[in-house]
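Trainee: Give me coordinates for this.
(one chain, ligands or ions: 2)
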Amino acid sequence: MMPTLTAHDYAAELNPEQYAAVTTTAAQALVIAGAGSGKTRTLTYRVAWLLEHGVAPWRILLLTFTNKAAREMLERVTALTGADAGQLWSGTFHSIANRLLRRHADRLGYLPGFTIFDSDDQRALMKALVKQFAGKMTKADRFPKPELLLSLHSLAVNTAKDWHQVLSTEYPYLETHEDIIGKIYAEYTARKRSLNVMDFDDLLTNLLRLLQEHADIRRGLQERFLHVLVDEYQDTNTPQDEIVRLLAGGTGSCLMAVGDDAQSIYSWRGANVEHILRFTEQYPQAEVHRITTNYRSLPPILALSNAAISLNENQILKELRAARAGDNFKPAVIPAPDNRTEAAWVARRIDELMGSGIPGKDVAILYRAHFHSMDVQMELTRQHIPFRITSGLRFFEQAHVKDVVAFLRLLCNPRDEIAFRRIVGTFPRVGDATAGRMWAQWLAAYEAWAAAHPGQVALTDPHSKVMEPAVKVSPAIRPPWAAFLSLMDSLHPADHTLLPAELVHAVHAYLVPYLSHAYDNYEERAEDLAQLARNVGQEENLEEFLAQIALLSEVDTPTATDDDCVTLSTIHQAKGLEWKIVFIIFLGEGQFPHRRVIESGSTADIEEETRLFYVAVTRAQDQLYLSFPRYNGRSYDAQFCPPSRFLTTLPPELMQLWGAD
Ligand code: ATP
Ligand code: MG
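Mentor: Numbers count the residues shown, from 1 in each chain. Ligands and ions are numbered 1, 2, ... in the order given. Predicted coordinates:
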């Protein structure tokens, strides 16, 4: 029998404020408190408490900032209570939306088995549309790039505004192109529909529509999820806030949200701190809990954190007291002559710390922008210090992995044009025009087949039988095309006996000649693909696996659970996490805060940078190192880089100055 906690244990492991929140009977509760005060811990214990008080796990919905955070919280719950939390629904808004839409998307007119577009797929489609609608524009017309069109679109969706409005406030110089942009957006939406795909934003807005427009589904979910719990509420966007309101809107529903307005750092993606600030207006009966103790950091780090956030005018004041006491290592400031020296110093210091017995997993290097990590990556490699990187290109975004995944996607969803084009793009001598022609024939053949096989999505007949007569290819393309069809035949025998891992092996084997030719470091890439097959080894359902891949590129990274690995992360992705030792690098004015923000002169934007700095320093438990390069670059075009205002405006007595030699 696993141990269960007694009321006494709860009281012993929580402070009175946390305990009150964990055991509350209020229908709505908000825990608003500073960094490291145990908000996430409160939510974890709340789940344990509910399970121990007879709430069935499937009646709890836990929304977290990353899927990994959710997994860790549930592991903790199981360790605490012995309860099997497996049936509990938990994860990011996007992954929960995916799960619900898998069941109900037909109500919104989607076909079963929709696939998910990641940012690369979105770019590919948007690029094609820009070419189609604005192909004749010249550089002088300054038509926006696909990326910009996508972020404008996404910002409008995530702030629940009309895109025309976002365009006129954020990008007024694009107004001359408004008509064409409108046509592109309309077509973008229509194409996703006909491809039977959703992008990330669609996951949210479709879930919202499902809840708004289908009362039976809404009521069913409200009855099911008695308890809705949300971490990091300060970074919810408008559709998310609305989803929470609807899901937790039943008569017996309970909602608990936790967060810290001082850590709202995703406004550029549509998050709005007002949702947490106005929580009690939205829910007038809500109970509010505040925690004023910080359990994470030693006093000198906390002193600097408190001073950093007090630079902002607009905030709810919450000075934290340190629960921990101990060796008073003041945050160290390290000016380095240039970025290479800075990186070399960081690597050497980490080497010393590791030499004194600190495992790599207790150390993180944090930065404002992904490219800041380049020198550190090189130096760590040079000094043989293992690291994992949670910013930048993620595993599933790498070209060769996407190549393999494209086959699996097309297998599940023959309407997936992007996957199809990616595949034929690997054939020699196939350009855009040929691929387009082949696609049209493929799609027509598939539609005819689908019409004759109602209810089926994936082809149950051999691909060669359906596609060989339909898709006409020139003699030059015939060999790879035939090989492709026979591969698809072998992947999808009518009896469905191949597991996802076997599919990956088969596609990989087929692609070896292409991969080894197309990419210079094939050996490493082959290792990735072997890893991919290992990853899917556990999965039985290919569709589910593909959805997981698409969701992974959201914020999570595959977990390298190596104790020796130092973590490299952007500050944005380090939210909610903690390490014994933290380095914040590139703390130069113009780097952090970002030059664009300084030039904009916007107080709101500067305050968001300050919150970002606050998030960074509050990740540290025992030691904090703040470094900056006086020059960025070493050659004649090196940029002079004064220290960040975060270093110069904070009281000097809170820090100690170190040399970088
Ligand atoms: P953030 O704002 O960064 O998300 P948070 O408020 O969610 O932080 P947690 O991550 O829950 O804080 O807690 C910070 C650390 O303090 C964790 O290591 C946690 O286990 C520890 N902690 C929190 N509350 C207590 C407590 N009552 N007793 C002992 N340790 C605690
Ligand atoms: Mg937290």
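
Trainee: Make sure His104 is actually in contact with Leu210.
Mentor: Yes - contact criterion Cβ atoms under 8 Å: His104 and Leu210 qualify, at 5.7 Å. Heads up, the C-betas are built off the backbone N, CA and C, glycines and all.

Trainee: so Glu342 touches Ile334, yeah?
Mentor: Yes - using Cβ under 8 Å, Glu342 is in contact with Ile334, at 7.4 Å.

Trainee: Mutual contacts of the two, please.
Mentor: The contact sets of Glu342 and Ile334 overlap at Ser627, Phe628, Ala660 (Cβ atoms under 8 Å, 6 or more residues apart in numbering).

Trainee: Lowest-confidence one in the residues you listed?
Mentor: Among those, Ala660 carries the lowest pLDDT, at 74.

Trainee: And Glu342 and Ile334? Which one has more around it.
Mentor: Glu342 (28 against 22; other Cβ atoms under 10 Å).

Trainee: In a strand, that one, correct?
Mentor: No - looking at Glu342 with DSSP: H, G, I helix; E, B strand; the rest coil, it is helix, so not inside a strand.

Trainee: Quick check: closest non-adjacent residue to it.
Mentor: Sequence neighbours aside, Ala336 is the residue nearest to Glu342 in space, at 3.6 Å (criterion: Cβ to Cβ, 6 or more residues apart in numbering).

Trainee: With Tyr295 instead?
Mentor: Take Tyr295 and drop its neighbours on the chain: the residue closest to it by Cβ to Cβ, 6+ apart is Ala323, 4.7 Å away.

Trainee: ok, now which ones touch Thr618?
Mentor: Contact partners of Thr618, counting by Cβ under 8 Å, 6+ apart, are Gly34, Ala35, Gly36, Gln263, Arg296, Ser297, Ile301, Ser305.

Trainee: For these, pick the one with the most neighbours.
Mentor: Within the contacts of Thr618, Ser305 tops the neighbour count with 31 neighbours, counted by other Cβ under 10 Å.

Trainee: mind checking which helix or strand of this structure has the lowest mean pLDDT?
Mentor: The helix or strand of the chain with the poorest confidence is helix 522-536; it has a mean of 70 (mean pLDDT, DSSP states H and E).

Trainee: tell me how far the next helix or strand after that helix is from the chain's mean position?
Mentor: Using DSSP states H and E, the next helix or strand after helix 522-536 towards the C-terminus is helix 542-552. Mean C-alpha position of helix 542-552 versus that of the full chain (Cα atoms, centre = their mean, to the nearest Å) differs by 14 Å.

Trainee: What helices and strands are in contact with helix 542-552?
Mentor: helix 93-104, strand 115-116, helix 399-412, helix 500-518 (3 or more Cβ pairs under 8 Å, 6 or more residues apart in numbering; DSSP states H and E).

Trainee: Identify whichever of the ones you listed lies nearest to Leu50.
Mentor: Nearest to Leu50, of all the helices and strands packed on helix 542-552, is helix 93-104, at 17.8 Å by Cβ to Cβ.

Trainee: Show me what that closest one is packed up against.
Mentor: By 3+ Cβ pairs under 8 Å, 6+ apart, helix 93-104 packs against strand 60-63, strand 89-91, helix 200-213, helix 238-247, helix 542-552.

Trainee: try it again with 6 Å
Mentor: The criterion is 3 or more Cβ pairs under 6 Å, 6 or more residues apart in numbering; DSSP states H and E, and the helices and strands that helix 93-104 contacts are helix 200-213, helix 542-552.

Trainee: Just the pLDDT for the residue nearest to Tyr295.
Mentor: pLDDT, Ala323: 90.

Trainee: Ok, Asp216 next?
Mentor: At Asp216, the model reports a pLDDT of 97.

Trainee: cool, the one 5 residues further on as well?
Mentor: Taken from the predicted model, the pLDDT recorded for Leu221 is 97.

Trainee: again, but for Pro462
Mentor: Predicted confidence (pLDDT) for Pro462: 91.

Trainee: For the stretch 351-500 of the chain, which residue gets nearest to ligand 2?
Mentor: Residue nearest to ligand 2 within the stretch 351-500 of the chain: Ala364 (15.6 Å; Cβ to the ion).

Trainee: Please read the previous query as pertaining to the stretch 251-400 of the chain.
Mentor: For the stretch 251-400 of the chain, Cβ to the ion, closest residue to ligand 2: Val258, 7.3 Å.

Trainee: now the chain
Mentor: Among the residues of the chain, Thr40 lies closest to ligand 2, at 3.3 Å counting by Cβ to the ion.

Trainee: List the contacts of that residue.
Mentor: Thr40 sits next to Asp231 when contact means Cβ atoms under 6 Å, 6 or more residues apart in numbering.

Trainee: With the one 3 residues further on instead?
Mentor: By Cβ under 6 Å, 6+ apart, the contact set of Leu43 is Leu229, Asp231, Val258.

Trainee: run the last query once more with 8 Å
Mentor: By Cβ under 8 Å, 6+ apart, Leu43 lies in contact with Val31, Leu62, Met73, Leu229, Asp231, Met256, Val258.

Trainee: Confirm the third one sits in a helix?
Mentor: Which is Met73. Yes - membership of Met73 in a helix is supported by three-state DSSP.

Trainee: you'd agree it is up against Ser90?
Mentor: Yes - with contacts counted by Cβ under 8 Å, Met73 reaches Ser90, the gap being 7.2 Å.

Trainee: So the closest residue to ligand 1 within the stretch 51-200 of the chain: helix, strand or coil?
Mentor: Closest contact between the stretch 51-200 of the chain and ligand 1, by Cβ to the nearest ligand atom, is at Phe65 (8.5 Å). With three-state DSSP as the basis, Phe65 sits in coil.

Trainee: Isn't it up against Gly576?
Mentor: Yes - with contact taken as Cβ under 8 Å, Phe65 and Gly576 are classed as touching, separated by 5.6 Å.

Trainee: how about the strands in the stretch 101-250 of the chain?
Mentor: For the stretch 101-250 of the chain, the strands defined by DSSP state E, counting those that start in this stretch cover 115-116, 197-198, 227-230.

Trainee: Quick one: name the residues of the chain near ligand 1.
Mentor: With Cβ under 6 Å from any ligand atom as the criterion, the chain meets ligand 1 at residues 14-15, 18, 35-41, 260, 263, 295-296, 576, 578, 618.

Trainee: repeat that for 8 Å
Mentor: 13-15, 18, 33-44, 231-232, 258, 260, 263, 291, 293-296, 323, 575-578, 615, 618-619, 621 (Cβ under 8 Å from any ligand atom).

Trainee: number of nearby residues for Ala344?
Mentor: Using other Cβ under 10 Å, Ala344 has 20 other residues around it.

Trainee: you'd agree it is up against Glu379?
Mentor: Yes - between Ala344 and Glu379 there is a contact under Cβ under 8 Å: 5.1 Å.

Trainee: before we move on, back to that, deepest-packed of the helices and strands packed on helix 542-552, please.
Mentor: strand 115-116 (a mean of 23; mean count of other Cβ atoms under 10 Å).

Trainee: Parallel or antiparallel, which strands does it pair with?
Mentor: Looking at strand 115-116 with DSSP bridges, its partner strands are strand 197-198 (parallel).

Trainee: what's in contact with the strand it pairs with?
Mentor: With contacts defined as Cβ under 8 Å, 6+ apart, strand 197-198 is touched by 101, 105, 110, 114-117, 121, 192, 206, 413, 416, 418.

Trainee: now the strands for the stretch 251-400 of the chain?
Mentor: Per DSSP E, counting those that start in this stretch, the stretch 251-400 of the chain carries strands over the ranges 254-259, 287-289, 293-294, 321-322, 332-338, 363-367, 387-389.

Trainee: Give me the helices and strands touching the last one, please.
Mentor: Spelled out, it's strand 387-389. When contacts are defined as 3+ Cβ pairs under 8 Å, 6+ apart, strand 387-389 packs onto helix 374-382, strand 566-570.
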